[in-house]
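> sequence plus predicted model, see below.
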Amino acid sequence: QVQLVESGGGSVQAGGSLRLSCAASGYTDCMGWFRQAPGKEREGVAGFDIDGTTNYADSVKGRFTISKDNAKNTLYLQMNSLKTEDTAMYYCAATTICRLRVGIRVGDFYYWGQGTQVTVSS
């Protein structure tokens, strides 16, 4: 059984930075960050596979960085140059079947955290 607990969300002004953390237990070789804004579908933000594969949504490339500390079994999302459109609930997720080379797809991930809110103001 995989358990995921996110932290690090908060409120920040546009141009600022935040780092999200996801403390994990269980199988976590393939993980990702997703977000969902009010009235919108959940979307993939960044993905990380144990073989080093990473994938990013076009909207966050060059601004967000996904990484993992295997010793702590913790996934991170460093978010820089935040924009108001980055405002959303951010979720950590894990899966046993990694298809990150295809995309960061909600349907590929089985295990989900409870989410952490990120609010970016202008």
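Received, thanks.

> what segments of the chain are strands?
Remark: strands assigned in the chain by DSSP state E are 3-7, 10-13, 18-25, 30-36, 43-49, 54-56, 64-69, 74-79, 88-95, 111-112, 116-121.

> quick one: strands adjacent to the first one?
Strand 3-7 has the following sheet partners, assigned by DSSP bridges: strand 18-25 (antiparallel).

> what do you get for the last one?
Under the criterion DSSP bridges, strand 116-121 sits next to strand 10-13 (parallel), strand 88-95 (antiparallel) in its sheet.

> is it possible to export those to JSON lines including mean neighbour count, distance to D69 and mean pLDDT?
Just so you know, the C-beta spots here come from the backbone N, C-alpha and C atoms, and that holds for glycine as well. Formatted as JSON lines, these follow (neighbours: other CB atoms under 10 Å; distance: least, CB to CB, whole Å; pLDDT from 0 to 100):
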{"stretch": "strand 10-13", "mean neighbour count": "13", "distance to D69": "21", "mean pLDDT": "98"}
{"stretch": "strand 88-95", "mean neighbour count": "23", "distance to D69": "14", "mean pLDDT": "97"}
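
> fine, thanks again, bye for now.
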